[in-house]
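Novice: sequence and predicted structure are below.
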Amino acid sequence: MAYLAFSNFKPTKGSVPFRHFDQLSSIVWRARNLLEKRTDEQVESMVSVIDDMIEDYFRNAKEEEIERLKSEGKYDCLEGDEDGNFHDIKSDAEGDLDYPTAENTREVDALEMIVGTWSNIFGDEAPEPLDHEYFAALALAKIGEIINSLEYTYDYKTRQFEKRDPKQSVESYTYRRAAEKAIEAMEAVVIAEKKRETDRLESRYKRLLNEAKEHASVALRKHIDEQVQAAIEDFKNRQKEESRNNGRLAHKDLESHKTLVLEDWEKDPSAHRSADRAAGFYVDWLKEVHGVQKDYQPRTVSKWIREHARAKGIRLR
């Protein structure tokens with residue numbers, strides 16, 4: 001995300017193409033309002049940190065799951081080497097496990113789980129970003145990704161973007177991915193606004209409490225501090241639990257969609273020339289026949305089919 005998001009879009013200035021989605025300009029305006037004291041370089045640094053920290057979050061979650069499986073003796077779910085070291089989870093076991101991955105957890109939900117766990121990202125005297133600024137930066141990064149995909153094409157040989165011909169139609173798959181990113185950008189900016197309002201209320205009540213504490217005894221001051229801190233921690237924990245629940249729901253949806261695909265594919269495995277061709281078909285099939293909103297990548301569906309075929313002893317053409 002961080003590497004290319006702002007290749008054709010400046011996070012703090014400039015207009016936004018709106019011929020595809022009318023609300024993009026509104027999202028950008030709201031996010032920029034939350035980042036009014038930040039420079040383009042600072043926003044890009046924030047997005048780079050988000051990218052790295054989410055990657056670490058998923059990696060750590062997987063390592064914790066591996067350790068859990070070891071402690072419970074579930075070695076049949078793990079990949080091992082000839083020395084008896086278990087270092088990975090078997091691909092055919094991942095669907096039965098409940099831990100956050102890039103497949104079942106959106107970036108906005110992952111950010112909710114880890115925001116505020118790092119500091120000193122600028123390395124200078126610039127004020128550290130507040131939690132709401134990270135979500136605003138994520139929203140702008142999503143807009144940048146949308147612009148890259150709908151207004152440009154990317155040449156992987158030259159590593160350059162080329163402007164799309166306005167008369168050229170955009171692939172349905174690309175359009176759906178862009179729509180999902182637009183929804184995530186909107187959710188990120190809404191979360192950012194709520195967090196900023198929460199911070200303002202917290203500051204206001206702390207000020208009022210400090211004024212009250214001036215006339216209170218030492219014991220009462222300590223009691224007030226403990227109650228305020230407990231309320232703040234409870235609020236943050238409830239937000240994180242909500243994000244965990246969102247991840248669990250996404251995981252259940254993934255398993256349901258995977259089952260739909262594999263049950264239909266198994267009815268006639270020879271209907272498609274290869275797992276890759278079948279995957280291309282089922283990506284659209286999930287959307288058009290079952291109304292699935294999530295946009296699966298063909299390589300993900302192809303992996304489902306290959307693993308299922310291997311488990312069932314079905315020869316792929």
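Specialist: Thanks, I have the structure now. Residues are numbered from 1 along each chain as shown.
Novice: what about residue 119, neighbour count?
Specialist: Other residues lying near residue 119 total 8 when counted by other C-beta atoms under 10 Å. Yep, even glycine has a C-beta here, placed from its N, CA and C like the rest.
Novice: hmm, it is touching residue 127, no?
Specialist: No: between residue 119 and residue 127 there is no contact under C-beta atoms under 8 Å: 11.3 Å.
Novice: what's the pLDDT at residue 209?
Specialist: Note for residue 209: predicted pLDDT of 67.
Novice: can you pull out the strands in the stretch 101-250 of the chain?
Specialist: Along the stretch 101-250 of the chain, the segments classed as strands by DSSP state E, counting those that start in this stretch run 152-155, 160-163.
Novice: can I get those strands in TSV with mean pLDDT, distance to residue 82 and mean neighbour count?
Specialist: Shown next, in TSV, are the strands of the stretch 101-250 of the chain (pLDDT from 0 to 100; distance: least, C-beta to C-beta, whole Å; neighbours: other C-beta atoms under 10 Å):
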stretch	mean pLDDT	distance to residue 82	mean neighbour count
strand 152-155	79	41	14
strand 160-163	83	45	12
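Novice: need these in a markdown table with distance to residue 25, can you?
Specialist: Shown next, in a markdown table, are those (distance: least, C-beta to C-beta, whole Å):
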| stretch | distance to residue 25 |
| --- | --- |
| strand 152-155 | 18 |
| strand 160-163 | 20 |
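Novice: how about those strands, which one is nearest residue 97?
Specialist: Nearest of the strands of the stretch 101-250 of the chain to residue 97, taken as C-beta to C-beta: strand 152-155 at 33.8 Å.
Novice: what residues are up against the residue sitting nearest the centre point of the chain?
Specialist: Against the mean C-alpha coordinate of the chain, by C-alpha atoms, centre = their mean, the closest residue is residue 107 at 1.3 Å. Each residue near residue 107 by C-beta atoms under 8 Å, 6 or more residues apart in numbering is listed here: 1, 50, 54, 138, 184.
Novice: swap in residue 121?
Specialist: 45, 46, 49, 128, 129.
Novice: residue 127 too?
Specialist: residue 37.
Novice: next one, pLDDT for it please.
Specialist: Here, the pLDDT recorded for residue 127 equals 83.
Novice: tell me how far it lies from residue 237.
Specialist: Here the criterion is C-beta to C-beta, to the nearest Å. By it, residue 127 lies 26 Å from residue 237.
Novice: same deal with residue 162?
Specialist: From residue 162 over to residue 237 (counting by C-beta to C-beta), the distance is 47 Å.
Novice: check residue 176 too.
Specialist: 35 Å.
Novice: which one of the two has more residues nearby?
Specialist: The neighbour comparison of residue 176 against residue 237 (other C-beta under 10 Å) goes to residue 176, with 16 against 10.
Novice: how much space between that one and residue 287?
Specialist: Separation of residue 176 from residue 287 (C-beta to C-beta): 7 Å.
Novice: go on, residue 76?
Specialist: Going from residue 76 to residue 287 by C-beta to C-beta gives 35 Å.
Novice: between those two, which has more neighbouring residues?
Specialist: Neighbours were counted for residue 76 and for residue 287 using other C-beta under 10 Å; residue 287 has more, 17 against 8.
Novice: wait, is that one part of a helix?
Specialist: Yes: assessed by DSSP: H, G, I helix; E, B strand; the rest coil, residue 287 belongs to a helix.
Novice: pretty sure it is touching residue 175, no?
Specialist: No: contact criterion C-beta under 8 Å: residue 287 and residue 175 do not qualify, at 11.2 Å.
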